[in-house]
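**Student:** Structure of the sequence below:
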Amino acid sequence: MVGIGTFDLPSYEIEVTPFLGEPLDGKEHTFSFDMTNVLNVWFIDANLHLWLDGKSSSAIIGQLIGHEEPELELSLVSNFKELDGSFHTFGNRRISSYGWVESSHGKLITNTSQEFTYNNLMTFQALGERQIVNKTIATNIKVIVEATTRIEVSSEVDDFFTLYLDFNAPMAVINVSNALNKNVSVVDSSGTFFSSLNNNQNAGGDDTITNTQQTYNYQSPQGCYSKQVKAINSALVSNSTETLCGNTS
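**Tutor:** Have a look, this model is predicted:
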């Protein structure tokens, strides 16, 4: 049992459909990505996914209507008296863009937005020998594709990650809890799809015993899945799995 996300390296999707009007002009273009406010050790690679319109009788055209990219909102507030005090870090960024594409499906307008929020409070007590961390990370991604009279596709993904750590050095006692909640909803002509994931982990102990418990619950129209695991001193003491609503896929 390891921390949530230890073995999960997801691919992050960036919707570039609103920008299609530029690369469709027959000229050479470059897509580039950059990391900001981080150390220079990040390596970035990317795959460009293209969907071709074989039914179109003429060249596909498009145009970027609008793009908003405000500066990163970032703040760091510290308040200390000798070795006791706190650091509070907050960051927020929202990027949105929308544009149209004319294809065999008619004129489609794609509206996208991505928002990221980071909130971290680190507190030191007892002359710095007790450390408490409270962290939350939230993301929201929306994509809406509209035709002239109706919405063709609408999707939204929400991620919410929390981390709490309480470490008392003189007593060699530590308590850690972290959780990941993810909600996905997609609506198109074929119907509505949704899924929800709740992954919670709690761990604690001292220099003689450690206790870790984790619950994993997933729900979607295709089925539901639940798993509970408990370990003491790295030994698995319980492991149960069940389906809550029909068959899983």
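**Student:** and the nearest residue to Q125 once chain neighbours are set aside, what does it touch?
**Tutor:** Leaving out its chain neighbours, the residue that sits closest to Q125 by CB to CB, 6 or more residues apart in numbering is D84, at 5.7 Å. Just so you know, the C-beta spots here come from the backbone N, C-alpha and C atoms, and that holds for glycine as well. Applying CB atoms under 8 Å, 6 or more residues apart in numbering to D84 gives the contacts F124, Q125, A126, L127, G128.
**Student:** now with 7 Å?
**Tutor:** F124, Q125, L127, G128 (CB atoms under 7 Å, 6 or more residues apart in numbering).
**Student:** and what of F124?
**Tutor:** L83, D84, G85, Q131.
**Student:** Which of the contacts of D84 ranks first by neighbour count?
**Tutor:** F124 (17 neighbours; other CB atoms under 10 Å).
**Student:** Centroid-nearest residue for this structure?
**Tutor:** For the chain, the residue nearest the mean C-alpha position is D159 (4.4 Å; CA atoms, centre = their mean).
**Student:** picking up where we left off before, list the beta-bridge partners for the residue nearest to Q125.
**Tutor:** Beta-bridge partners for D84, by DSSP bridges, are K81.
**Student:** what's the spacing between it and Y12?
**Tutor:** 38 Å (CB to CB, to the nearest Å).
**Student:** How about T30?
**Tutor:** Taken as CB to CB, the span from T30 to Y12 is 19 Å.
**Student:** re earlier: so for the residue nearest to Q125, what pLDDT did the model give?
**Tutor:** As predicted, D84 sits at a pLDDT of 94.
**Student:** so the residue nearest to the centre of the chain is in which element?
**Tutor:** strand 151-168 (DSSP states H and E).
**Student:** Of T30 and Y12, which one has the most company?
**Tutor:** Y12 (9 against 5).
**Student:** where does the more buried one fall, phi/psi-wise?
**Tutor:** phi -90, psi 130 (degrees, to the nearest 10).
**Student:** For P170, see how far away the residue nearest to Q125 is.
**Tutor:** Distance of D84 to P170, given as CB to CB: 14 Å.
**Student:** Write down the beta-bridge partners of G106, one by one.
**Tutor:** Residues in beta-bridge contact with G106 (DSSP bridges): S103.
**Student:** And for it, the neighbour number?
**Tutor:** Around G106 there are 11 other residues, counting by other CB under 10 Å.
**Student:** Then T212?
**Tutor:** 19.
**Student:** That one in helix, strand or coil?
**Tutor:** strand (DSSP: H, G, I helix; E, B strand; the rest coil).
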